[in-house]
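[1] With the sequence up front, the predicted model follows.
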Amino acid sequence: MFSESNDPPVSAEREVWREALGVVLATSAYGVSFGALAVASGLDVWQACVLSLLMFTGGSQFAFVGVFAAGGVSALPSAIASAVLLGVRNVAYGMRMAPIVGTTPARRVVAAPFTIDESTAVAISQNDPRLRRVGFWVTGVGIFLGWNLTTLIGALVGDVLGDPRSWGLDAAAAAAFLALLWPRLKERQAIAVGIAAAIVAAALTPMLMPGLPVLVAAVVAVVVGWFDWLGRKPSVRVVDDGGAL
């Protein structure tokens with residue numbers, strides 16, 4: 001008699017590994033852009049590397065460097081605020097991933113730095129709990145190593161290539177955000193939030209210090225989303241009770 005196992009087949013685990021490593025390679029490539037932009041904004045090579053090592057959230061890092069490059073030291077509070085605001089989403093990811101990565105506090109603490117967009121996406125796309133853990137750890141740890149390595153490469157190459165704008169690297173952050181945003185623009189509510197935030201940010205950019213237009217636009221996005229403007233209204237079903245009171 002053969003005992004039955006609840007473990008997923010080896011082929012399924014290999015597929016998760018392939019999926020995770022594909023995400024690792026694609027995401028780590030952005031680290032080159034960040035390293036070059038960080039050096040061009042005034043940071044040293046080691047400062048760019050420490051930022052990737054300790055912050056390790058691409059959107060927040062690009063926001064920090066972008067605001068810092070535009071306003072210098074005077075814009076440092078706005079740069080920090082923008083980075084923190086973009087990093088808040090990882091808190092929500094942590095709550096979603098807590099039961100997946102482990103039930104002990106120690107495991108959750110270890111998993112915290114690797115709880116990012118990509119590791120969460122790969123994990124929750126799996127049906128089996130074990131495959132979810134494999135997807136999370138392979139993606140999270142892989143991107144952490146790859147991102148820090150490519151940050152160093154980008155920072156070193158940035159000194160050689162000069163201004164990254166001549167290579168189009170200044171558009172890398174905007175392109176990455178658009179790539180994440182575009183698949184979500186399927187309903188009127190999401191489109192309304194995006195348009196409202198974009199209009200506010202564009203209108204306030206000439207008047208406010210760097211970083212503040214983004215924060216104000218985020219508040220507008222929250223308000224529009226909270227009141228569900230242009231959202232889909234729940235349908236009202238009429239039930240015939242046969243004339244009973």
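    Perfect, I can see it now.
[2] ok, longest helix in the protein?
    For the chain, the helix with the greatest residue count under DSSP state H is helix 129-161.
[3] what about Val91, how many neighbours?
    For Val91, the count of nearby residues is 11 (other CB atoms under 10 Å). (Each C-beta comes from the backbone N, C-alpha and C, glycine too.)
[4] I'd like the distance between it and Ala202.
    Using CB to CB, to the nearest Å, Val91 is found at 28 Å from Ala202.
[5] Please apply the same query to Gln126.
    For Gln126, the distance to Ala202 - CB to CB - is 40 Å.
[6] between those two, who's got more neighbours?
    Gln126 (21 against 11).
[7] Tell me which residues touch the more buried one, please.
    16, 132, 134-135 (CB atoms under 8 Å, 6 or more residues apart in numbering).
[8] Which of those residues ranks first by neighbour count?
    Gly135 (28 neighbours).
[9] So that residue versus Arg107, what's the distance?
    From Gly135 to Arg107 the distance is 16 Å (CB to CB).
[10] And Thr150, by the same measure?
    With CB to CB as the criterion, Thr150 and Arg107 are 28 Å apart.
[11] element containing Glu118?
    helix 117-124 (DSSP states H and E).
[12] and that helix, average pLDDT?
    For helix 117-124, the mean per-residue pLDDT is 85.
[13] Tell me which other helices or strands that helix touches.
    helix 10-28, helix 89-101, helix 129-161 (3 or more CB pairs under 8 Å, 6 or more residues apart in numbering; DSSP states H and E).
[14] Tell me which residues of it come out buried.
    Residues 117-120, 122-123 are the ones in helix 117-124 that count as buried (16 or more other CB atoms under 10 Å).
[15] Closest one of those residues to Ser11?
    Val122 (17.1 Å; CB to CB).
[16] how about the residue nearest to Leu204 when sequence neighbours are not counted, what does it touch?
    Computed as CB to CB, 6 or more residues apart in numbering, the closest residue to Leu204 that is not its neighbour in sequence is Pro213, at 4.1 Å. Residues in contact with Pro213 (CB under 8 Å, 6+ apart) are 200-202, 204-205.
[17] Separate out the buried members of the residues you listed.
    Applying a neighbour-count criterion of 16+ other CB under 10 Å, the buried members of the contacts of Pro213 are 200-201, 204.
[18] returning to what we had before: any chance of JSON lines for the helices and strands packed on helix 117-124, columns distance to Ala221 and mean pLDDT?
    As requested, the helices and strands packed on helix 117-124 are exported to JSON lines (distance: least, CB to CB, whole Å; pLDDT from 0 to 100):
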{"stretch": "helix 10-28", "distance to Ala221": "25", "mean pLDDT": "85"}
{"stretch": "helix 89-101", "distance to Ala221": "13", "mean pLDDT": "80"}
{"stretch": "helix 129-161", "distance to Ala221": "27", "mean pLDDT": "88"}
